[in-house]
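Engineer: structure for this input, please:
(2 chains)
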2 protein chains.
Amino acid sequence: MEKITSVTNNRIKDIVKLRDEKKFQIEEQAFFIEGLHMVDEAIKRNLVRSIFLEERMLDKIDASMNYECVLITDNVSNKIASTKTNQGIFAVCELATQKLNLDQNILLLDQIQDPGNMGTLIRSAASFNFQTVVASNHSVSFYNPKVLRSTQGNLFSVNLVNADLLTTINELKENDYIIIGTVLNTNCKSLSSITFDKKQKYALIIGNEANGISLELHDLIDINLNIEMNNDVKSLNAAIAGSIIMYNI
Amino acid sequence: MEKITSVTNNRIKDIVKLRDEKKFQIEEQAFFIEGLHMVDEAIKRNLVRSIFLEERMLDKIDASMNYECVLITDNVSNKIASTKTNQGIFAVCELATQKLNLDQNILLLDQIQDPGNMGTLIRSAASFNFQTVVASNHSVSFYNPKVLRSTQGNLFSVNLVNADLLTTINELKENDYIIIGTVLNTNCKSLSSITFDKKQKYALIIGNEANGISLELHDLIDINLNIEMNNDVKSLNAAIAGSIIMYNI
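Structural biologist: Model prediction:
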């Protein structure tokens, strides 16, 4: 089994790049995960290319399986971990291309920038049976370390797709989806006034934290919702708004 | 007007301590805020003791008012700011002791640790007319920089109280509050099955992110709720769960 002891090793440099750079994740068609729970979930789904782990973690995984295992030392762990403390186990996974599942409700993320919001929205989507999450190309990466932490291990139970939202929404409309948005204007319907039909498929757009939903998408919205709230407060956090609507749908 | 140019100035050292240490905030009965919007909101409410600002920001505020103004240089701004970029304006504010308002719904935070969750819960509480937020003494500080950022300026529209929750809940019960909790057990009622009475006062307990609501509080819960969700997902983010329930109440 290969052993890496130096933080300047080229594979370690590449891992740090993979952890931090969306562009490199796409080039390599790979992403980086941290911690035993995440690694276990990735193994179950046959997504692991390579596991990097300290010797003390060897008995925690089945090293005979069809992925590479590389031993690392604790200084290397500290280099590649995105948090101050780490469990000494990491993996590089296959970024499997995922497709829209056109049978179920879909969450559309329009330039979501905050990784905590993105991760929480993925976790809520998994909770409320929105089994596909589509993010516009200018959103934060699904595989950003903070996104991964905020999903609390629910990353793998949702289809994650990067796509142009204008194209995607037109495709969804051809497939009988009702498109829901939250654009602040006079044509809003209050969330509590809407009765959702369990047999109908819905796609919910959540807009950028500062600018909301992109102008080019406004005309495609079938139901424009607002969440009733105190008039003195300008807006809800994007992850909160999205989760409240998904729960109600 | 005093001018501070050195990051080793004792007042600057104290500000950094005030920014980062809950204990020091309590000792000094003060907290630290950043950015023009926050400073403006604090001025409106007459909470400002001292403003620290770069010369270019002088025309943004009314320097004749009854608070001290101290000029600082950009190296000092970078020292005291909690983020990489800053607006060059900061303030030290009075930590006014706040009391329970027993006329309205109340949010109780039981050892909430994540500042993003705390801030988002304060923002949602303001949105859904929970005008008092009580945090147990072991929760993250209301005045942690990341909490302040996550409130998006809604900090000042809510009463913030630090108190022992056992004592507080007993007081609330004497004042006809119904106590709502979310303890995972077989006695849960689903959120959608409950009809909330607009004339009734409710207090909602949100538990610690990892351990939920403290055992000693379980017996005080009048309605134990769960939010209906996919069985494969273990739990929702604490801020999401709290916000969905507050919206429904």
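Engineer: residues in contact with the spatially most central residue of chain A?
Structural biologist: Among the residues of chain A, the smallest C-alpha distance to the mean C-alpha position (C-alpha atoms, centre = their mean) belongs to residue A:142, namely 3.8 Å. By C-beta atoms under 8 Å, 6 or more residues apart in numbering or on different chains, the residues touching residue A:142 are A:31, A:118, A:122, A:133, A:135, A:155, A:160, A:162. Backbone N, C-alpha and C define where each C-beta goes, glycine included.
Engineer: bridging residues for the fourth one?
Structural biologist: Partner residues in beta bridges with residue A:133, using DSSP bridges, are residue A:107, residue A:160.
Engineer: so residue A:141 touches residue A:147, yeah?
Structural biologist: Yes - applying C-beta atoms under 8 Å as the test, residue A:141 and residue A:147 come out as touching, 6.8 Å apart.
Engineer: which of those two has more residues huddled nearby?
Structural biologist: The neighbour comparison of residue A:141 against residue A:147 (other C-beta atoms under 10 Å in any protein chain shown) goes to residue A:147, with 24 against 21.
Engineer: what helix or strand is that one located in?
Structural biologist: With elements delineated by DSSP states H and E, residue A:147 resides in helix A:145-151, which encompasses its position.
Engineer: got phi/psi on the spatially closest residue to residue A:11 that is not a sequence neighbour?
Structural biologist: With C-beta to C-beta, 6 or more residues apart in numbering or on different chains as the criterion, residue A:11 has its nearest non-adjacent residue at 6.5 Å, and that residue is residue A:4. According to degrees, to the nearest 10, the main-chain angles of residue A:4 amount to phi -110, psi 130.
Engineer: and for the closest residue to residue A:95 other than its chain neighbours, the neighbour number?
Structural biologist: Nearest in space to residue A:95, with sequence neighbours left out and distances taken as C-beta to C-beta, 6+ apart, is residue A:29 at 4.6 Å. Residue A:29 is surrounded by 12 other residues when neighbours are defined as other C-beta under 10 Å.
Engineer: wait, residue A:29 sits on residue A:93?
Structural biologist: No - in this structure residue A:29 lies outside contact range of residue A:93 using C-beta under 8 Å: 10.0 Å.
Engineer: circling back to that earlier point, for the residue nearest to the centre of chain A, give its distance to chain B.
Structural biologist: In this structure, residue A:142 and chain B are separated by 17 Å, where distance is defined by C-beta to the nearest C-beta, to the nearest Å.
Engineer: you'd agree that residue is in a helix?
Structural biologist: No - under DSSP: H, G, I helix; E, B strand; the rest coil, residue A:142 sits outside any helix and is assigned coil.
Engineer: pretty sure residue A:186 is in a strand, no?
Structural biologist: No - using three-state DSSP, the assignment for residue A:186 is coil, not a strand.
Engineer: how near is it to residue B:121?
Structural biologist: Using C-beta to C-beta, to the nearest Å, one obtains 30 Å as the distance from residue A:186 to residue B:121.
Engineer: the more surrounded of these two?
Structural biologist: Neighbours of residue A:186 and residue B:121, each counted by other C-beta under 10 Å, are more numerous for residue B:121; the result is 32 against 5.
Engineer: get me the contact residues on chain A for chain B.
Structural biologist: Residues of chain A found near chain B, taking C-beta under 8 Å from any C-beta of the partner chain as the criterion, are A:116, A:120, A:123-124, A:126-129, A:150, A:152-154, A:157, A:227, A:229-230, A:232-237, A:239-240, A:243-244, A:247.
Engineer: the residues you listed in helices, which ones?
Structural biologist: With helices taken from DSSP state H, the overlap with the residues of chain A next to chain B comprises A:116, A:120, A:123-124, A:126-127, A:150, A:239-240, A:243-244, A:247.
Engineer: buried ones only from the residues you listed, please, as a PyMOL command.
Structural biologist: Selecting only the buried entries of those in PyMOL, with 16 or more other C-beta atoms under 10 Å in any protein chain shown as the criterion:
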select buried, chain A and resi 116+120+123+124+126+127+150+239+240+243+244+247
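Engineer: could I get the ones in helices among the residues of chain A next to chain B as JSON lines with distance to residue A:57 and pLDDT?
Structural biologist: Formatted as JSON lines, the entries for those read as follows, by distance: C-beta to C-beta, whole Å; pLDDT from 0 to 100:
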{"residue": "A:116", "distance to residue A:57": "27", "pLDDT": "92"}
{"residue": "A:120", "distance to residue A:57": "28", "pLDDT": "95"}
{"residue": "A:123", "distance to residue A:57": "26", "pLDDT": "94"}
{"residue": "A:124", "distance to residue A:57": "31", "pLDDT": "95"}
{"residue": "A:126", "distance to residue A:57": "27", "pLDDT": "94"}
{"residue": "A:127", "distance to residue A:57": "30", "pLDDT": "94"}
{"residue": "A:150", "distance to residue A:57": "24", "pLDDT": "91"}
{"residue": "A:239", "distance to residue A:57": "32", "pLDDT": "93"}
{"residue": "A:240", "distance to residue A:57": "37", "pLDDT": "93"}
{"residue": "A:243", "distance to residue A:57": "34", "pLDDT": "95"}
{"residue": "A:244", "distance to residue A:57": "40", "pLDDT": "95"}
{"residue": "A:247", "distance to residue A:57": "38", "pLDDT": "94"}
